[in-house]
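Need coordinates for the below:
(chains A and B)
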Amino acid sequence: MNDAATRKLVLSHLWVAFLAFAVACVLGEYQVLERSGFITALDSPSVYFASVSTHGVLMAFVLTTFFIMGFGYTIATTTLKQPLWNKPLAWLGFWVALVGVVLAAIPLLSGNASVLYTFYPPIVAHVAFYLGATLLVVGSWVWCAIMLVMFLQWKKAHVGEPVPLAMFATTMNALLWLWTSAGVAVEVLFQLIPWSLGWIDTIDPGLARTLFAWTLHPIVYFWLIPAYIAFYVFVPKQAGGYLFSDEMARLAFIVLAVFALPIGFHHLYMDPEQAKGWKLLHAIGTFVVALPTLVTGFTVIASLEIAGRLRGGKGLFGWILSLPWTNTMVLSVILSLLMLIFGGFGGVVNASYAMNAMVHNTAWVPGHFHLIFAGTTIIMYFAVAYYLWPILTKKPLVSNSMALLQLWTWFIGMSVLTTPWHVLGLLGQPRRISTVVYNNLLTLAWKPYEFMMIFGGLILLGSACLFVYVLAKTQFNTSSETCTDELEFAEPIHAVTSLPEWLNHFTLWNKVIAVLMAISFGYPILQFFFMDTTGSSPWGF
Amino acid sequence: MQSEPLKEKCSAGLKLFCSQLQAIHIDQLERKWITISLLVIGLLVGIMTLDALVDGINPPSKVETIDSASLHLSKEFAEDNLGVHVENGKVIVRMVAGRYSFFPKQISVPAETPVTLRWVSMDVLHGVHIPMTNMSTMIVPGYVAEITTTFPKPGDYPVLCNEYCGLGHNHMWSNIAVIAKEVWATRTSTPAQGGNSHE
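Coordinates of the predicted model:
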């Protein structure tokens, strides 16, 4: 990463991501406060739902997309040892996505797009919101194209050589995202935009939900894969050990990308427009995709154990203590795995087909995805940022202990926030209410948990501010100290010298995905053109 | 014939894939872990599938369409046909969801009796959940959401909208009284349209 122009490109992406994140954290704390009802002056559904919509868009679309793009450019240029292919195109992608964010932010912040980040037709938002979201996705497609081209160019120049693991995973993620975004792109381009402009009178919300479900599950793997890449390629090295298995890592990424796609109906379990056979098929697929995560858990823990023992750790658990807990990457992975265990357990409950009825759309669900996304995934984004910052800015991290404090507070805050959130769900609280006005005794049991969540949010907000402060302070430090660190990738115990083509290329998996998507979404989408359906006209909110 | 070489090509490819898969270096310990993982996944999927296929435990999935814009003109969901009915010995409940309540706003159903609830929306997307029970379904405009469930315990339960449906979403709720079976039977002994159970 000696190329200043590439470093600037990556830093620009990451700054957009983290500034969006900081704004969204402020909104998050406002939301737990408003929702609790302790401060009556705050009570306002219109502000609350504008805030929730903005929080969701910033966290789920802006933070993730820009982070993944910046991270991908870093991985591609360092692992392939090639300059970035077509830098002007990469900047074009950045600006298209950023213009999209600004375009969507205007109706969001002015309360004209309070449709939440999952859209929910037949409630309609201002057309600028849909256009902005589209531009953000188009910008990310530019990134996908650059990743695929760099992958193919490298393969052409290095026939028979294994593609570096990190780049293989990044390319699989780009492929995954192209497939993933197709569903929502069709919904937005052929349903929402023409309908919000009045070019068509009605749309079928059943079809819209089915198309969104196409996107809704694999999108979380698009967000998660960078965290898994850090697990496999950074963590073992930072812990002082080796990667347990390179091939298994590739297999895990392949199964993750292939099986993340055809399983979106677990978001539609409770929907009337899809039949039970299709839902069961998707439910089974959902359990299959747990496998690569279980394999990842094993590989990462095994890699950590190797490191712990190399550092002199003894006994069944003694190696855990001898890990370098003061290394931000190692601390992050430990906390990330802890949250993954609990979040994964909750995910199995959600995935369990008919059992989902007990928790569907209750507070349990945001509790679950905050634990697994804002916890497991985002803490690894922090770790990657702390690791990359000295390399990108050529300045040492301003304070390692501040970074450690930030990671611990994020973990504690997330635990304090999500535990009561899960409990509220089991006590029957719906997830998307801005305040409790039900005249029912049941709601009395909710109060203490809502109170706890305020503190969780407060700790998280403090942690988020500290994170941005450490990054800014590092980059704008005026001291003359320079840092010459380079990215270091973990070595596998058994170095791979040759690989079968299907572990080294995506063409086979692209075909497999096409077949699986045709099977799992073909009829469920086509049925809307055979059934006698009546569309919905747009409604305000 | 085109299909023969294609078949051969496929099976040869599959054989190659399998042999290459077996050649991958996988540590003994990792093999064990993968086996355990597969067994656990198999167990969970097995329970779920058996429940679905043998006991018929499925989420609400009746793909039935309706014109949500003209419910008042439909026979089934016309105003005087809503609420609790006993038809051929079965308890059927017809409910309309609309911003911001479920109509009728107060209904009574028997405990320990299978109750079939048919929900439709007259405007936007809604969801309905009766906390502490598995009476949960999305209500998508254009579709009838049907769910059959049994309420085990008598009591007064809230009926909550659990899908964002507009700025008044918080206020979207109604009540359901689950009444002991015997008591409910005496109340609805007249074979009326069930109108007396939701005054």
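
can you list the weak-confidence ranges in the chain?
No chain specified, so I'll use chain A. A:1-2 (pLDDT under 70).

That was the other one, I meant chain B.
B:1-3, B:189-199.

Which residue lies nearest the spatial centre of it?
Central residue of chain B (CA atoms, centre = their mean): B:P60, 2.4 Å from the mean position.

That residue contacts B:I147, doesn't it?
Yes. Using CB atoms under 8 Å, B:P60 is in contact with B:I147, at 4.1 Å. Just so you know, the C-beta spots here come from the backbone N, C-alpha and C atoms, and that holds for glycine as well.

Which neighbours do the two have in common?
B:T137 (CB atoms under 8 Å, 6 or more residues apart in numbering or on different chains).

Distance of the residue nearest to the centre of chain B relative to B:L44?
22 Å (CB to CB, to the nearest Å).

now swap in B:W184 and tell me
Distance from B:W184 to B:L44, by CB to CB: 38 Å.

Can you pick out the residue with more neighbours from these two?
B:W184 (22 against 18; other CB atoms under 10 Å in any protein chain shown).

mind checking the SS state of B:D156?
strand (DSSP: H, G, I helix; E, B strand; the rest coil).

Next: B:S108.
strand.

what's the neighbour count on it?
22.

hey, what's it bridged with?
Assessed by DSSP bridges, B:S108 has beta-bridge partners B:A177.

That one and B:V84 touch, don't they?
Yes. Between B:S108 and B:V84 there is a contact at 6.7 Å, judged by CB under 8 Å.

Give me the domain ranges for chain B.
B:3-53, B:64-198 (automatic domain parsing).

out of those, deepest packed?
domain B:64-198 (a mean of 19; mean count of other CB atoms under 10 Å in any protein chain shown).

now that domain: how far from the chain's centre is it?
13 Å (CA atoms, centre = their mean, to the nearest Å).

show me the contacts for the closest residue to chain A within chain B.
Proximity of chain B to chain A (CB to the nearest CB) peaks at B:P131, 2.4 Å away. Contacts for B:P131 (CB under 8 Å, 6+ apart) come out as A:362, A:427-429, A:442, B:157-158, B:160.

As a check, name the ranges of all strands in chain B.
Assigned by DSSP state E, the strands in chain B fall at B:64-65, B:83-87, B:90-98, B:101-103, B:106-110, B:114-121, B:126-129, B:136-139, B:143-150, B:155-161, B:173-179.

Sheet partners, orientation included, of the third one?
Spelled out, that is strand B:90-98. strand B:83-87 (antiparallel), strand B:101-103 (antiparallel), strand B:114-121 (parallel).

show me the contacts for A:Q31.
Here A:Q31 is in contact with A:48, A:51-52, A:55, A:457 (CB under 8 Å, 6+ apart).

And B:A185, by the same measure?
B:P110.

roughly how far apart are it and A:E488?
From B:A185 over to A:E488 the distance is 75 Å, taken as CB to CB.

Quick check: closest non-adjacent residue to residue 64.
Reading this off chain A. Spatial nearest neighbour of A:T64, chain neighbours left out: A:W223 (4.5 Å); criterion: CB to CB, 6 or more residues apart in numbering or on different chains.

my question was about chain B
Per CB to CB, 6+ apart, closest to B:E64 is B:V144, 4.3 Å.

doesn't B:I66 make contact with the one you found?
Yes. With contacts counted by CB under 8 Å, B:V144 reaches B:I66, the gap being 5.2 Å.

shared neighbours of the two, anything?
By CB under 8 Å, 6+ apart, the residues touching both B:V144 and B:I66 are B:V120.

which parts of the stretch 251-400 of chain A sit against chain B?
A:251, A:268-276, A:279-280, A:283-284, A:287-288, A:290-291, A:294-295, A:298-299, A:302, A:348, A:352-354, A:356-358, A:360-362 (CB under 8 Å from any CB of the partner chain).

So among the residues you listed, which ones count as buried?
A:251, A:268-274, A:276, A:279-280, A:283-284, A:287-288, A:290-291, A:294-295, A:298-299, A:302, A:352-354, A:356-358, A:360-362 (16 or more other CB atoms under 10 Å in any protein chain shown).

phi, psi of B:H25?
phi -80, psi 110 (degrees, to the nearest 10).

for A:S479, same thing?
Dihedral angles (degrees, to the nearest 10) for A:S479: phi -70, psi 160.

So the residue nearest to it when sequence neighbours are not counted, which state does it fall into?
Here the nearest residue to A:S479 in space, its sequence neighbours aside, is A:K395; by CB to CB, 6+ apart that works out to 7.8 Å. Put simply, A:K395 is coil when judged by three-state DSSP.

tell me the contacts of A:K395?
A:K395 touches A:474-475, A:477, A:479, A:481-483, counting by CB under 8 Å, 6+ apart.

please redo it, this time with the cut-off set to 6 Å
A:474, A:477, A:483 (CB atoms under 6 Å, 6 or more residues apart in numbering or on different chains).

ok, and the most crowded of these?
Of the contacts of A:K395, with other CB under 10 Å as the count, A:T474 tops at 22 neighbours.

Pop out the phi and psi values for that one.
The phi/psi pair for A:T474 (degrees, to the nearest 10) reads phi -60, psi -50.

how far away is it from A:I106?
Taken as CB to CB, the span from A:T474 to A:I106 is 32 Å.

Just checking the distance from stretch B:9-16 to the centre of its chain.
Relative to the centre of its chain, stretch B:9-16 is centred 43 Å away, using CA atoms, centre = their mean.

Say whether chain A is contacted by it.
No. Using CB under 6 Å from any CB of the partner chain, stretch B:9-16 stays clear of chain A, coming no nearer than 8.1 Å.

quick one, strands of chain A?
According to DSSP E, chain A contains no strands.

Can you name the residue of it nearest chain B?
A:G428 (2.4 Å).

That residue: neighbour count?
26.

repeat for the one 10 residues further on
As a burial measure, the neighbour count of A:Y438 was computed by other CB under 10 Å and equals 21.

That one reaches B:H171, doesn't it?
No. If you go by CB atoms under 6 Å, A:Y438 and B:H171 don't touch, sitting 8.9 Å apart.

Please report the distance of the nearest residue to A:V26 once chain neighbours are set aside from A:D532.
With sequence-adjacent residues excluded and distances taken as CB to CB, 6+ apart, A:V26 is closest to A:L461, at 6.6 Å. Going from A:L461 to A:D532 by CB to CB gives 51 Å.
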